[in-house]
Structures are given as structure tokens and as C-alpha cells.
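**Student:** Here is my input; please provide its structure:
(3 chains)
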Amino acid sequence: MTDKLDLIIWFTVSQIPVGKVMTYGQIAKACGYPGYARYVGTVLKKLPSDTDIPWHRVINAQGRISFPFDSEAYHRQRERLLAEGVNVENGRITLRHYQY
DNA sequence: AGTCTGACGGGAT
DNA sequence: TATCCCGCCAGAC
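**Tutor:** Okay, the predicted model is just below:
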């Protein structure tokens, strides 16, 4: 069951335009699985490091990157977003960067 | 079968 | 605005 859902989630995330972001909850809902926000994170975590899927365009409902500020993962995601023109100053992402 | 763990979310305080 | 708390769901043990 979750196997097909993984594919839907991968596809949905890959549809996020450059310079835009979506929350875990929005991804889940867009996939037809509201309430599966947590699972979206689980799926992204399983992606290989060399994936083409833009996992960095997925943030939490608070408009923040869901990694500890001092972690390596946090900086990787932040750099990728900044490179696409997404303002992450102050640790938060403005609503104007949202796809929805 | 019971319990714990997350790249989560939302309401209460 | 900042915590806290609880509900949520699949996986690992």
C-alpha cells in the first residue's frame, strides 16, 4: 500500500517549481492522503543522497526547515533554497515562496 | 501485541 | 510569540 503512495509523493514533490516550497501537510493532502504529513517526512528520509527529487523544497507548517539549526542537513537544505532564490533568513520562509 | 521513534500538525495555554 | 501536549501514521524491535 505504502509502496504506491511513495511513488505519488515522489511525483508530487518533483512537481514543485524552482523557487517554491510546500509543507509536508500540503504534500500529503495533494496526494490524496490528508493526515499523512508525518509519512511524507519518512519517505523523503529514504531518498538516496544523489536523488533528483527536490526534497529541499519541502518544509514544515511553521515555515521552517525541519532539521536542527546546527545540523549538516539543515545547512544543505538552506543552501539549496538560497541558490533558488528562496529567502530563508531568520530561519523562516516567507509565504510568497509557497506553491499554494 | 506493546512500545518507541520520527524531515508532522494543530489546538490550548 | 513560545511552549506544551496530544493526535496521527508507518516502521523497527
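
**Student:** which parts of chain A sit against DNA strand B?
**Tutor:** Residues of chain A lying near DNA strand B by Cβ under 7 Å from any atom of the strand: A:23-26, A:37-42, A:44-45, A:47, A:55-56, A:58, A:60-62, A:66-67, A:73, A:77. (Each C-beta comes from the backbone N, C-alpha and C, glycine too.)

**Student:** For those residues, which PyMOL command selects only the ones that are buried?
**Tutor:** Under the burial definition 16 or more other Cβ atoms under 10 Å, those of the residues of chain A next to DNA strand B that qualify are selected in PyMOL by:
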select buried, chain A and resi 23+24+25+26+37+39+40+41+44+55+56+58+66+77
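
**Student:** Could you list which of the residues of chain A next to DNA strand B belong to strands?
**Tutor:** A:23, A:58 (DSSP state E).

**Student:** near DNA strand C, which of the residues of chain A next to DNA strand B show up?
**Tutor:** Among these, the ones lying near DNA strand C by Cβ under 7 Å from any atom of the strand are A:38-39, A:42.

**Student:** What sits closest to the residue of chain A at minimum distance from DNA strand C if chain neighbours are left out?
**Tutor:** Using Cβ to the nearest atom of the strand, the closest approach of chain A to DNA strand C is made by A:Thr2 at 3.4 Å. Leaving out its chain neighbours, the residue that sits closest to A:Thr2 by Cβ to Cβ, 6 or more residues apart in numbering is A:Tyr39, at 7.4 Å.

**Student:** What does the pLDDT read for that neighbour?
**Tutor:** What the model reports for A:Tyr39 is a pLDDT of 98.

**Student:** Which residues are in contact with A:Leu82?
**Tutor:** For A:Leu82, the contact set (Cβ atoms under 8 Å, 6 or more residues apart in numbering) comprises A:Val88.
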